[in-house]
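In: coordinates only, sequence not included:
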Ligand code: 5AD
């Protein structure tokens, strides 16, 4: 009765939350399984950012509930953003769910499963669904335990939860609550422990990481708390690379730009959500920057790191987006020359300001605009990868690739590279000569001198 399978939808923060839940469950004697057909408890850690993500999880839950009909002792839980967003209302569609746990209550999951199990063992039928979507002070400090695979090289560290920006399209302030940061000392300690356990690359996570600690720490000499944190993580011995996601363009002041020039572990890759290239749409979205300011940030970063890699998020078809406004997005999108981008069709999120706006964009128009940007992205990515042909890149070896044919790792610019290697190189930074490229990945050969691979 103690085999748990967790399925995660959505962003890296959700992945990290699931990992922390798994670590807490393990400590409580539960067994985490990878095979969903062999579990007694299934937890769906959900995403609400677009309607499609919610529909996927609901579809899965409907399907899994069939299993419950055959085996009444089977436990199904819905965790995270959709649990927070919809709460008890989920029971209308899914009356047989046992557990609904919001984003500030992940750490309660072990207790709730224990309770369900005790009730079952006493022969009592499960009386009703356990629902807990309350807010909890300091819940951001509960996401700290890791489950590291053997020889795990990369890890996520949650530094902050929630967001107060109130972008007009976005459900996150509702699902994740107010911006709350973890104490810097605790984050640094967690990173040190990970480094001591063999982790070489850390990605700092939050909904708006550039605002990290803004209410808790002072600026010292024009340096924001976020950059202070980067400095401290940069100083951890054994750690080789630092990334973070997601920032807000407004957080790219001089101190963060300069950090790319002086913190050697900070990778020259940045995810910088643009959302729209039209000033009118940005205002309607409640995004406090202009296209010109955004372009300035990109130029500043390229000035400090000419080899910078950029990725972004774009929403096409925000309510009222005209063809001309979309063309402004297209133009800026081309000009920024992104290496990677996530293009989303605007999805109505009920309760957000944009949901009530007139002039919703028809689906066909969203689809068309989506395709236009994806084609540009493909061309950009091919062009960038072509410039890498014949170069030698520093690659952090992560492990065997999925097909088990060779090994995989990433460049500092976050490009995936496949190459032949040996197990003892896992966790090492190695030079790889790139001899073939596709749109998404690079292929190469170790360029080791004096080292037997
Ligand atoms: N519709 C479409 N995309 C959205 N995003 C956030 N809210 C919506 C929405 N309502 C996108 C944004 C954000 C990313 C995580 O998801 O681009 O940066």
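Out: Looks like it came in fine. Quantities reported herein were computed from a predicted structural model and do not represent experimental measurements. Residues are numbered from 1 along each chain as shown.
In: Now do the SS call for residue 57.
Out: On the three-state scheme (DSSP: H, G, I helix; E, B strand; the rest coil), residue 57 is labelled helix.
In: Now the residue lying closest to it once chain neighbours are set aside, what are its backbone angles?
Out: Excluding its sequence neighbours, the residue lying closest to residue 57 (C-beta to C-beta, 6 or more residues apart in numbering) is residue 46, at 4.4 Å. Just so you know, the C-beta spots here come from the backbone N, C-alpha and C atoms, and that holds for glycine as well. Here is the backbone geometry of residue 46 (degrees, to the nearest 10): phi -100, psi 170.
In: Contacts only, for residue 46.
Out: Applying C-beta atoms under 8 Å, 6 or more residues apart in numbering, one finds that residue 46 lies in contact with 9, 10, 14, 53, 54, 57, 78, 79, 80, 81, 82, 83.
In: Report the separation between it and residue 85.
Out: Computed with C-beta to C-beta, to the nearest Å, the distance linking residue 46 and residue 85 is 9 Å.
In: Okay, residue 311 and residue 195: tell me how far apart.
Out: Separation of residue 311 from residue 195 (C-beta to C-beta): 26 Å.
In: In the chain, where's the longest helix?
Out: In terms of residue count, the longest helix belonging to the chain (DSSP state H) is helix 363-388.
In: Relative to residue 340, which of the contacts of residue 46 is nearest.
Out: The nearest member of the contacts of residue 46 to residue 340, counting by C-beta to C-beta, is residue 10 at 17.8 Å.
In: Please give the number of neighbouring residues around the closest residue to that closest one other than its chain neighbours.
Out: Closest residue to residue 10 in three dimensions, ignoring its sequence neighbours and counting by C-beta to C-beta, 6+ apart: residue 47, at 2.7 Å. Residue neighbour count, defined by other C-beta atoms under 10 Å, stands at 23 for residue 47.
In: Contact partners for residue 47?
Out: 9, 10, 11, 14, 53, 54, 57, 80, 81, 82.
In: Who does the residue nearest to residue 57 form a beta bridge with?
Out: When bridges are taken as DSSP bridges, the partners of residue 46 come out as residue 80.
In: Show me where the stretch 101-250 of the chain dips below the pLDDT cut-off.
Out: Low-confidence regions of the stretch 101-250 of the chain, defined by pLDDT under 70, span residues 125-127.
In: where do the strands sit along it?
Out: Under the criterion DSSP state E, counting those that start in this stretch, the stretch 101-250 of the chain carries strands at the ranges 130-132, 154-158, 160-161, 180-181, 201-205, 241-245.
In: mind checking how far stretch 316-335 is from the chain centre?
Out: Here the centre of mass of C-alpha atoms in stretch 316-335, compared against the chain's by C-alpha atoms, centre = their mean, to the nearest Å, lies 25 Å away.
In: So which bits of it are buried?
Out: 316, 317, 318, 319, 321, 325, 326, 328, 329, 330, 332, 333 (16 or more other C-beta atoms under 10 Å).
In: circling back to that earlier point, any residues in contact with both of residue 46 and residue 85?
Out: Shared between the contact lists of residue 46 and residue 85 (criterion: C-beta under 8 Å, 6+ apart) are residues residue 54.
In: neighbours of the closest residue to residue 200 other than its chain neighbours, just the number please.
Out: Closest residue to residue 200 in three dimensions, ignoring its sequence neighbours and counting by C-beta to C-beta, 6+ apart: residue 240, at 4.5 Å. A total of 20 residues lie near residue 240 under the criterion other C-beta under 10 Å.
In: So residue 264, which state does it fall into?
Out: State at residue 264, reduced to three classes by three-state DSSP: coil.
In: so how many other residues sit close to the closest residue to it other than its chain neighbours?
Out: In space, and not counting its chain neighbours, residue 264 is closest to residue 234: 7.2 Å by C-beta to C-beta, 6+ apart. The burial count assigned to residue 234 is 15, neighbours taken as other C-beta under 10 Å.
In: residues touching residue 234, list them.
Out: When contacts are counted by C-beta under 8 Å, 6+ apart, residue 234 is found next to 242, 263, 264, 265, 266.
In: For the second one, give me phi and psi.
Out: Residue 263 has phi and psi values of phi -100, psi 100 when expressed as degrees, to the nearest 10.
In: how far away is it from residue 310?
Out: Applying C-beta to C-beta, one obtains 18 Å for the distance of residue 263 from residue 310.
In: these two touch, right, residue 202 and residue 238?
Out: No: using C-beta atoms under 8 Å as the test, residue 202 is too far from residue 238 to be in contact (10.8 Å).
In: Would you tell me which residues of the stretch 51-200 of the chain are close to the ligand?
Out: By C-beta under 6 Å from any ligand atom, the residues of the stretch 51-200 of the chain that approach the ligand are 169, 170.
In: I appreciate the help and will end here.
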